[in-house]
Structure formats: C-alpha cells, structure tokens
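Undergrad: coordinates for the following, if possible.
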Amino acid sequence: MRLFVAIDINDDVRKAVANLQRRLKDKMKNGNGLKWAEPENMHLTLKFLGETEENRIDEINTAIEIACDDKKAFEFSLSALGTFGRPAKVLWLGSEKPDERIVKLAADLEQALEQLGFEKENRPFSAHLTLGRVKDKGVDKNLRRTLKDCIKADVPQISVDTICLYKSQLTQDGPIYTLLRKIELKKDI
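TA: Numbering: from 1, shown residues only. Reported below is the predicted structural model:
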C-alpha cells in the first residue's frame, strides 16, 4: 500500500483554495492544460513513504508519535504562489518564508522514519498545497505570466493540531485517501 504523512486542512481553507483556483483559471488563457487538484482531497504532505508493507503500520505509527511527542499545536499561513520544475510541472500554494515550526516537524518526522529504513528526502522541505499539475507544456509561459500578475492568495491560516497517516490508492477517477491514524499535537492550556 502507498502511504504518506500529512496535515489535514479545514473546510474554510478548502473553500478559499477552491476560490483561488477559480480565479487562476479565469486569468489563464489555457487553464485546460492543468489538471486541477480537488480541494476535498487536499492535504499538506510532510513525508511520502511510498509502497509499504501493511505489517509496518504499527512501527510507522510509533515513529510518528515519537517525532510528534514534544510538538505543540500551531497555525501558519500559506500566501505565495509558485511552480516546481522547469518547465513548470506543479502549481502550488506555499509560504513566502518557511515557518520554523513546520520545518522542524517535517525534519523530525524525516529522521524518525529514516531510522525505519525509509529513504531520506534530498530536497529541502517546502510546505505547500498542490493546486494543479501541468499536463500541457504550452501552459508554462501563460502560467508564469499569470503568477507574475500576482493574484493575492487570501487563505485562512492552517491549523496544525493533528498529524495523519494516510493510505493512497490511485484510480482512473483520481486518488482515494484513507485515514489510517491521527495523532494529536499538544494544545496550549
């Protein structure tokens, strides 16, 4: 089974992201060259584990619990739009400047899961929501021009109060995500 560790986003964030996607589609001449992510499927991935044997779920849960043990719930903002790849392959909503708390959380999860034999990510962690994937290379210039016009990303803060382990099943109609475990972070009293 394919597994990943993520932060869920709430309905207010989902609505704001859907509105942002609509505004981007309206500004772009060829928005059809993008496969837009479904807001109801959005999450902020902290670590992709890939294909994993089902009998490893308990040890993965334990590693996540240990990595999260000293973490307190927090909120952070996503307000910057950008792309990954040249030409662009992914359109994302991320942070203008990295939030140290989420960077530390991702690093601690990375380390805990690396000890279980999961491959360490070589790229620096980038907290982001995937808005869409580029399917037509002709979209690249139009997309970059649209981003330069700088649509304001007005999205509520994301609450980081639980860390989730998900199973991802790829289908013709899109991915199906199944929650396997939810680990709560400490709340300030």
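Undergrad: where in this protein is pLDDT low?
TA: Where the chain drops to pLDDT under 70, the residues are 29-32, 138-141, 148-151, 189.
Undergrad: now do the helices in it.
TA: 11-27, 57-68, 100-114, 139-148 (DSSP state H).
Undergrad: which one of those lies nearest to residue 85?
TA: When the helices of the chain are compared by C-beta to C-beta, helix 139-148 sits nearest residue 85, at 9.0 Å. All C-beta spots, glycine's among them, are computed from the backbone N, C-alpha and C.
Undergrad: thinking residue 20 is in contact with residue 80, fair?
TA: No - Residue 20 is beyond contact range of residue 80, at 11.8 Å (criterion: C-beta atoms under 8 Å).
Undergrad: still on that earlier bit, now the helices of the chain in TSV, with distance to residue 85 and mean neighbour count?
TA: Converted to TSV, those look like this (distance: least, C-beta to C-beta, whole Å; neighbours: other C-beta atoms under 10 Å):
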stretch	distance to residue 85	mean neighbour count
helix 11-27	17	16
helix 57-68	29	17
helix 100-114	21	17
helix 139-148	9	16
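Undergrad: give the residues shared as contacts by residue 20 and residue 80.
TA: Shared contacts of residue 20 and residue 80, defined by C-beta atoms under 8 Å, 6 or more residues apart in numbering, are found at 93, 153.
Undergrad: got the helices of the chain as TSV, with distance to residue 84 columns?
TA: Output for the helices of the chain, formatted as TSV (distance: least, C-beta to C-beta, whole Å):
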stretch	distance to residue 84
helix 11-27	16
helix 57-68	25
helix 100-114	16
helix 139-148	12
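Undergrad: the residue nearest to the spatial centre of the chain and residue 176: what is the separation?
TA: Centroid-nearest residue in the chain, with C-alpha atoms, centre = their mean: residue 44, separated by 2.5 Å. Separation of residue 44 from residue 176 (C-beta to C-beta, to the nearest Å) stands at 18 Å.
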